[in-house]
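> Kindly generate the corresponding structure for this input.
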Amino acid sequence: HVQLVESGGSLVQPGGSLRLSCLASENSISRYPMAWFRQAPGKEREVVTTIDPDGSTTYTDSVQGRFTISKDNAKNTLYLQMNSLKVEDAAIYYCVADSAAGLRAGAPYGYWGQGTQVTVS
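Model prediction:
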């Protein structure tokens with residue numbers, strides 16, 4: 001069973017930066033495609049960025065050029081560096097592990113962390 005624990009969420013001013021971390025159990029980071037999802041109040045959950053075991057990444061258009069996903073397999077940790085934050089980036093951010101197909105489908109059967117709150121104001 002994969003366990004994921006996010007941290008790093010905080011209140012930040014527009015234009016500021018944050019780095020989220022996700023500590024994973026076992027060797028999940030190196031074995032699974034990973035993603036960051038987010039959900040804002042009143043909005044649908046959306047995938048923000050993904051990273052494959054080989055390091056290939058994808059980003060949703062709204063964060064392209066501002067956010068960077070990375071991982072440290074030795075530390076079993078996934079990261080999300082968020083720069084130039086906007087008010088519309090405010091949401092609960094979730095770390096997710098699943099198959100590539102599962103992530104594309106919204107990871108309904110994937111492994112989810114508890115989420116970390118990002119507030120931009």
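> residue closest to the middle of the chain?
In the chain, the residue lying closest to the centroid (Cα atoms, centre = their mean) is W36, at 2.1 Å.
> List the beta-bridge partners for it.
T49, C95 (DSSP bridges).
> ok, now which ones touch the spatially closest residue to G110 that is not a sequence neighbour?
Counting by Cβ to Cβ, 6 or more residues apart in numbering, D98 is the residue found nearest to G110 once chain neighbours are left out, at 3.0 Å. The way it works is simple: take the backbone N, C-alpha and C, and place the C-beta from them, glycine included. Neighbouring residues of D98 by Cβ atoms under 8 Å, 6 or more residues apart in numbering: Y32, P33, A35, A107, Y109, G110, Y111.
> And for V87?
Counted by Cβ under 8 Å, 6+ apart, V87 has contacts P14, V120, S121.
> Could you count how many residues lie near the last one?
Neighbour count of S121, defined by other Cβ atoms under 10 Å: 8.
> which one is G115 nearest to, not counting chain neighbours?
Going by Cβ to Cβ, 6+ apart, G115 has I92 as its nearest residue, at 4.2 Å.
> quick one: contacts of the helix or strand hosting that neighbour?
Taking DSSP states H and E as the criterion, I92 maps to strand 91-97. Outside strand 91-97, the residues within contact range by Cβ under 8 Å, 6+ apart are 2, 4-6, 9, 20, 22, 24, 28, 32-40, 43, 45, 48, 78, 80, 103, 107, 110-113, 115-118.
> same thing but 6 Å
2, 4, 6, 20, 22, 28, 32, 34-40, 78, 107, 110-113, 115-118 (Cβ atoms under 6 Å, 6 or more residues apart in numbering).
> Same check on stretch 41-57?
Stretch 41-57 is contacted from outside by 33-39, 58-60, 63, 69, 103, using Cβ under 6 Å, 6+ apart.
> repeat that for 8 Å
Residues from elsewhere that reach stretch 41-57 (Cβ under 8 Å, 6+ apart): 30-39, 58-60, 63, 67, 69-71, 78, 80, 91, 93-94, 100, 103, 106.
> Enumerate the positions of it that are buried.
V47, V48, T49, T50, I51 (16 or more other Cβ atoms under 10 Å).
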